[in-house]
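In: please work out how this folds:
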Amino acid sequence: MPAELTMLLVVACTNWKRVMMVLTGRGKYSDPMEIPSNQAHVPSNLKTLNQYSIAEINHRLKNYFKFLFVREPFERLVSAYRNKFTLKYNSSFHKRFGTRIIRRYRKNATQDALINGADVKFKEFIDYLVDPATQRDGPLNEHWQTVYQLCHPCHIHYDMVGKYETLEEDANYILRLVGVGDSLHFPSYAKSTRTTDAMTAQFFSNISTQQQVQLYKLYKMDFLMFNYSIPSYLRLD
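Out: Next up is the predicted model:
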């Protein structure tokens with residue numbers, strides 16, 4: 001690669017993995033969008049930090065260009081719910097988390113729902129997140145874990161923190177910084193399917209004030225650390 005990069009994947013991870021595969025593929029790939037999304041997520045295609053020795057990890061954290069992309073916390077949360085619990089192809093999430101959520105929070109659940117976990121409601125997902133028992137079970141899944149706990153911005157000195165709201169602009173700026181901006185551009189994303197503020201407000205309209213307060217407390221550090229305002233639709237009184 002023209003420059004050495006370390007990235008933390010919180011948002012837009014598929015397209016960033018495609019870009020990194022172009023940069024590390026020794027000419028095997030030239031266009032990120034030619035790489036199928038399932039191929040981008042094959043673990044062997046990209047090495048992660050935990051595959052290196054402690055000395056190698058420290059070298060990369062000290063010397064590589066490190067960047068992180070963040071997103072408005074509740075838009076990220078609704079996006080994670082929509083992707084992991086409403087799409088049929090995510091059956092692994094339905095089995096792993098959906099069955100557990102339905103078993104805990106749905107009265108008179110059908111046998112099919114208990115076995116397949118394929119129709120988790122957003123309210124049930126929120127019940128799961130704010131339940132103290134969930135915290136006792138261990139760390140949250142990376143798709144809805146708080147960014148400050150997942151990416152440790154107080155311990156890792158990131159050279160740049162980009163935002164999903166300005167994703168293409170920030171991503172292409174990084175590519176220019178590392179010397180590949182003339183030959184490689186960050187893929188455009190489908191704006192028609194993205195989770196918006198208005199959509200998030202609609203999802204939150206059926207969540208009680210008490211749970212909205214609990215949820216804000218859970219994600220408060222992400223709002224503060226990455227300079228996101230409290231959403232206008234949130235009821236915190």
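In: list the buried residues in the lengthiest helix in the chain.
Out: Counting by DSSP state H, the longest helix found in the chain is helix 209-225. Within helix 209-225, the residues scored as buried using 16 or more other Cβ atoms under 10 Å are 211-212, 214-216, 218-219, 221-223. Every residue, glycine included, has its C-beta placed from N, CA and C.
In: I'd like to know which elements that helix is packed against.
Out: Taking 3 or more Cβ pairs under 8 Å, 6 or more residues apart in numbering; DSSP states H and E as contact, the helices and strands that helix 209-225 lies on are helix 73-85, helix 122-130, helix 147-151.
In: out of these, deepest packed?
Out: helix 73-85 (a mean of 21; mean count of other Cβ atoms under 10 Å).
In: ok, then the element right after that helix?
Out: Note on helix 73-85: by DSSP states H and E, the next helix or strand toward the C-terminus is helix 91-93.
In: next one: that next one to chain centre, how far?
Out: Computed by Cα atoms, centre = their mean, to the nearest Å, the chain-centroid distance of helix 91-93 equals 16 Å.
In: C-terminal to it, what's the next element?
Out: Using DSSP H and E, the helix or strand that follows helix 91-93 towards the C-terminus is helix 99-105.
In: can you list contacts of that following helix?
Out: Under the contact criterion Cβ atoms under 8 Å, 6 or more residues apart in numbering, helix 99-105 has outside partners 109, 113-117, 119-120, 124-125, 127-128, 131, 133.
In: before we move on, the earlier item: kindly reformat the helices and strands packed on helix 209-225 as TSV containing mean pLDDT.
Out: As requested, the helices and strands packed on helix 209-225 are exported to TSV (pLDDT from 0 to 100):
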stretch	mean pLDDT
helix 73-85	95
helix 122-130	97
helix 147-151	93
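In: returning to that earlier point: how about the buried residues of helix 209-225, which pair is most distant?
Out: Gln211 and Met221 (18.4 Å; Cβ to Cβ).
In: counting contacts, what elements does the longest strand anywhere in the chain pack onto?
Out: For the chain, the strand with the greatest residue count under DSSP state E is strand 65-70. Secondary-structure packing of strand 65-70 (3+ Cβ pairs under 8 Å, 6+ apart): strand 5-8, helix 147-151, strand 160-163, helix 167-177.
In: what's in contact with the longest helix of the chain?
Out: Contacts of helix 209-225 (Cβ under 8 Å, 6+ apart): 70, 73-74, 77, 126-127, 129-130, 146-148, 153, 204, 207, 228-230, 234-237.
In: same check, this time on stretch 115-125
Out: With contacts defined as Cβ under 8 Å, 6+ apart, stretch 115-125 is touched by 78, 81, 85, 88, 91, 94-95, 97-102, 105-106, 113, 203, 206-207.
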